[in-house]
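A.B. asks: quick check, what structure comes out for this input:
(2 chains)
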Amino acid sequence: MNAIEMTGLTKKYGERTAVKSLNLSIEQGTCFALLGVNGAGKTTTIKMLSCLTKPTSGDAVILGKSILTDPQAVKEIANISPQEMAVAPNLTVRENLELIAGIYGSEGRAAREKATRMIEEFDLSEVERQKAKTLSGGWQRRLSIAMALISEPQVLFLDEPTLGLDVLARRELWSVIEHLRGKVTIILTTHYMEEAESLSDSIGVMARGELKALGTAAELIARTGAKTFEDAFVALATGSKASA
Amino acid sequence: MKLLAFASRNRKELLRDPWNLAFGIGFPVVLLLLLSAIQANIPVSLFNIEKLAPGIAVFGLSFISLFSATLIAKDRTTSFLMRLFASPLSASDFILAYALPLLPMAVLQGAVCFVTAFFLGLSVNVNVLLALVVLIPPAILYIGIGLLAGSVLTDKQVGGICGALLTNVSAWLSGTWFDLNLVGGAFKRIAYALPFAHAVDAAKAAIAGDYASIFPHLWWVIGYAAVIMVIAVVAFKRKMNGDNV
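C.D. replies: Numbers count the residues shown, from 1 in each chain, chains lettered A, B, ... in the order given. Alright, predicted model coming up:
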């Protein structure tokens, strides 16, 4: 069963087309990586799917709910971890989690219990009482994803979740994302090829607002005749031949 | 419940910023003490505590605009608002959740100002409570200005517009620091075309027990507050439904 079905999804800013007639289906419970160079249209696609911006034309249906006609229902079942650190700086880690639980309808004790569960699942107990602004980048990313998951979304958008993290923090977050596989449909944007290769079940490559290729990492390597996935990506994103 | 969860967060963010407390509560009190000291040495009728305290109480509200605008602008620039725009919160939830924690802060600020004034000779009577009620429309006006500025400006621009321009405009054009009649002419006409002088005059009338003079001034403030609030809500909604958070 498909969790997301995009039909002719298009976004224009004046004369510039940021996303051009995207037709794409993403299977439920899988991790889908959306790759592309800066300005390829990845974040705009995520923003449209999470109802942050309206498409110029086309539609996307998320678990049966249209982003055009039923955005409120989409917001109830999906959540996003934005590219930048989107945490409340003067709130503690626990308070940030309880805030999002409250906003998604969990009251008092239920919100506290959900926060406790997230703190355990994300190993946040040692920073639980620390204000978010005092956390390192790695902890803030981890908190950001925990905040996106506390609403128990069926679809999760991760916009460059490991941007700016060191290798260890990145690997730790990979482990967190891997644990979500099968439970949540994940749409991930990233600039790290190894991240997409390691975490995703399928990959879409975007360039200049268009979907240029779709498949598993192995399929994309085979299609371009490249040695590595990075070479395959460069070939697909630029339209050039892969370096053999 | 969703609204209250977000309002609670906003209250915590505001109260946990030491600058908010320092400027919101401390600065008006310092001004009150300073100007009263001047009054003790060089008596000026304008700085009589019955006239000074309401003026300072209204002036202090300009910091409420700065707090609310800074909070919203920072939420936008850190993408925190983007996360929340993807949540089921409605536009009215956002507006109310930003505005609600500021109203008790504004009343508290006014109360601290008047309690300080008691020690400087302001009579303790029911008119002070009335003045606190009269301060509510100006508080809503300043909250609205903050919502509007936070919705359209960056956090750095907010510092300039609300922190410098608004505080100065509401100080000069309110009649708190000098008698507007002394300047007269176009300056006075401009001052009374804006709401700040009316807010101060309404609060002064309340303190003086001149009840009949309150509403002619307060209507101006209520009118401005209503218009600014509507513009703020429209600007926020546009931001919420627009392409740039």
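A.B. asks: for stretch A:9-25, measure first residue to last.
C.D. replies: End-to-end distance for stretch A:9-25: 12 Å, by C-alpha to C-alpha, to the nearest Å.
A.B. asks: same check, this time on stretch B:42-54
C.D. replies: Stretch B:42-54 has its terminal residues 20 Å apart, counting by C-alpha to C-alpha.
A.B. asks: what is the mean pLDDT for it?
C.D. replies: Averaging pLDDT along stretch B:42-54 yields 87.
A.B. asks: got a list of contacts for it?
C.D. replies: B:32, B:35-36, B:38-39, B:113-114, B:117, B:120-123, B:131, B:176-179, B:200, B:203-204, B:206-208 (C-beta atoms under 8 Å, 6 or more residues apart in numbering or on different chains). In this view, the C-beta of every residue, glycine as well, is placed from N, C-alpha and C.
A.B. asks: so A:L165 lies in a helix, does it not?
C.D. replies: No. A:L165: not assigned to a helix; according to DSSP: H, G, I helix; E, B strand; the rest coil it is coil.
A.B. asks: find the nearest non-adjacent residue to it, please.
C.D. replies: Among residues not flanking A:L165 along the chain, A:G138 sits closest, at 5.4 Å (C-beta to C-beta, 6 or more residues apart in numbering or on different chains).
A.B. asks: and that neighbour, helix, strand or coil?
C.D. replies: Strictly by three-state DSSP, A:G138 counts as helix.
A.B. asks: confidence score at A:V234?
C.D. replies: pLDDT, A:V234: 94.
A.B. asks: helices of chain A, residue ranges please.
C.D. replies: Secondary structure of chain A (DSSP state H): helices at A:42-49, A:71-77, A:93-103, A:108-121, A:137-149, A:167-180, A:193-199, A:217-224, A:229-238.
A.B. asks: how near is the residue nearest to A:L165 to B:T70?
C.D. replies: 27 Å (C-beta to C-beta, to the nearest Å).
A.B. asks: can you check B:R11 too?
C.D. replies: For B:R11, the distance to B:T70 - C-beta to C-beta - is 15 Å.
A.B. asks: show me what the one helix or strand B:F6 maps to is packed against.
C.D. replies: Counting by DSSP states H and E, the element that carries B:F6 is helix B:2-15. Counting contacts by 3 or more C-beta pairs under 8 Å, 6 or more residues apart in numbering or on different chains; DSSP states H and E, helix B:2-15 packs against helix A:93-103, helix B:49-77, helix B:91-99, helix B:102-119.
A.B. asks: after it comes which helix or strand?
C.D. replies: Where DSSP H and E defines the elements, the next helix or strand beyond helix B:2-15 is helix B:18-21.
A.B. asks: quick revisit: higher neighbour count, B:R11 and B:T70?
C.D. replies: Set B:R11 next to B:T70 and count neighbours by other C-beta atoms under 10 Å in any protein chain shown: B:T70 wins out with 25 against 16.
A.B. asks: test for you: state the pLDDT assigned to the residue nearest to A:S151 when sequence neighbours are not counted.
C.D. replies: Nearest residue to A:S151, sequence neighbours excluded (C-beta to C-beta, 6+ apart): A:Y104, at 3.9 Å. The model reports A:Y104 with a pLDDT of 95.
A.B. asks: read off the pLDDT value for B:I161.
C.D. replies: B:I161 carries a pLDDT value of 87.
A.B. asks: pull the contacting residues for residue 133.
C.D. replies: Just going to use chain A. A:K133 makes contacts with A:P89, A:N90, as judged by C-beta under 8 Å, 6+ apart.
A.B. asks: chain B was what I was after
C.D. replies: B:V133 sits next to B:A206 when contact means C-beta under 8 Å, 6+ apart.
A.B. asks: now the one 4 residues further on
C.D. replies: With contacts taken as C-beta under 8 Å, 6+ apart, B:P137 has the following neighbours: B:A199, B:L218, B:V221, B:I222, B:A225.
A.B. asks: now do the strand or helix carrying B:P137 against helix B:102-119, angle only.
C.D. replies: Assigned by DSSP H and E, B:P137 belongs to helix B:136-152. Calculated by axes from the mean of the first three to the mean of the last three C-alpha atoms, to 10 degrees, helix B:136-152 forms an angle of 130 degrees with helix B:102-119.
A.B. asks: mind checking how far B:A205 is from B:A199?
C.D. replies: 11 Å.
A.B. asks: any shared contact partners between the two?
C.D. replies: By C-beta under 8 Å, 6+ apart, B:A205 and B:A199 have these common neighbours: B:H217.
A.B. asks: is stretch A:181-200 anywhere near chain B?
C.D. replies: No. Using C-beta under 8 Å from any C-beta of the partner chain, stretch A:181-200 never reaches chain B; the gap is at least 12.8 Å.
A.B. asks: for the residue nearest to A:L165, give its distance to B:S79.
C.D. replies: 18 Å.
A.B. asks: kindly report the same for B:V124.
C.D. replies: 49 Å.
A.B. asks: which of the two has more residues huddled nearby?
C.D. replies: The neighbour comparison of B:V124 against B:S79 (other C-beta under 10 Å) goes to B:S79, with 21 against 10.
A.B. asks: and the nearest residue to A:A111 once chain neighbours are set aside, how many neighbours does it have?
C.D. replies: Of all residues not flanking A:A111 in the chain, A:A101 sits nearest, at 3.8 Å (C-beta to C-beta, 6+ apart). A:A101 has 25 neighbouring residues, counting by other C-beta under 10 Å.
A.B. asks: ditto for the one 10 residues further on
C.D. replies: A:A111 has 22 neighbours, counted by other C-beta under 10 Å.
A.B. asks: state the distance from it to A:A207.
C.D. replies: 43 Å.
A.B. asks: got it, and B:T176?
C.D. replies: B:T176 sits 60 Å away from A:A207, going by C-beta to C-beta.
A.B. asks: which of the two has more neighbours?
C.D. replies: Taking other C-beta under 10 Å, B:T176 and A:A207 do not tie; B:T176 has more neighbours (27 against 18).
A.B. asks: would you agree that one is in contact with B:L61?
C.D. replies: No. Using C-beta atoms under 8 Å as the test, B:T176 is too far from B:L61 to be in contact (11.6 Å).
A.B. asks: got any residues that touch both of the two?
C.D. replies: Listed as contacting both B:T176 and B:L61 by C-beta under 8 Å, 6+ apart is no residue at all.
A.B. asks: so which bits of chain A are right by chain B?
C.D. replies: A:13, A:50-54, A:72, A:75-76, A:78-91, A:95, A:98-105, A:107, A:111, A:131, A:147-148, A:151.
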